[in-house]
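[1] this is a predicted model, with the sequence first.
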Amino acid sequence: MLVIVLENAPPRLRGRLAVWLLEVRAGVYVGNYSTKVRESIWNQVEAGIEDGNAVMMWRTNNEAGFEFVTLGANRRMPTERDGVRLVSFHPEVTGGDL
C-alpha cells in the first residue's frame, strides 16, 4: 500500500500522480506498487512540488508496519525517538515571533 498526500501542489503534479494512483480525496493518492515504482513516483513529486509539501507512506516490515518521507515546509516534521519514527509539531511562526 502506498499513500501520498499533497498540499499546495501545482495542478500538473496532481495530474501526473493521477496517472499512477487513485485520487480518493483532493490531494490524497493511493496505490500498490513495487519499491522501484514508488521511488520513481516520489522522484516526480520532488521535481514538481514547487512551494507545496508532500508526505508519502508505504507498508513495510518494521514495528510500526509502515514508513514515510516528507517534502516541503510543514509544521508536522518527522522525528525519531528510541528507534521509532514519530511526528513532531513545530510552533507556528507569527509576525510577533520574528
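    Perfect, thanks for sending it. These numbers come from a predicted model, not from an experiment.

[2] every contact and neighbour count from this point should use C-alpha atoms.
    Will do.

[3] list the contacts for the spatially most central residue of the chain?
    Centroid check for the chain by Cα atoms, centre = their mean gives V55 as the closest residue, at 1.0 Å. For V55, the contact set (Cα atoms under 8 Å, 6 or more residues apart in numbering) comprises I4, V5, L6, F68, V69, T70, L71.

[4] with R38 instead?
    R38 neighbours (Cα under 8 Å, 6+ apart): L2.

[5] am I right that it falls within a strand?
    No: counting by DSSP: H, G, I helix; E, B strand; the rest coil, R38 is not found in a strand; it is helix.

[6] now for L71: which residues touch it?
    E46, N53, A54, V55.

[7] quick one: N43 from G52, how far?
    Using Cα to Cα, to the nearest Å, we find N43 at a distance of 15 Å from G52.

[8] for the chain, which segments count as strands?
    In the chain, the segments counted as strands under DSSP state E are 2-7, 22-25, 28-31, 53-59, 66-71, 76-81, 84-89.

[9] just the buried positions in the third one, please.
    Right, the one you point to is strand 28-31. In terms of neighbour count (16 or more other Cα atoms under 10 Å), strand 28-31 has its buried residues at V28, Y29, V30.

[10] name whatever forms a beta bridge with the second one.
    Right, Y29. Beta-bridge partners recorded for Y29 (DSSP bridges): I4, E23.

[11] quick one: it and V5 touch, right?
    Yes: counting by Cα atoms under 8 Å, V5 is a contact partner of Y29 at 6.3 Å.
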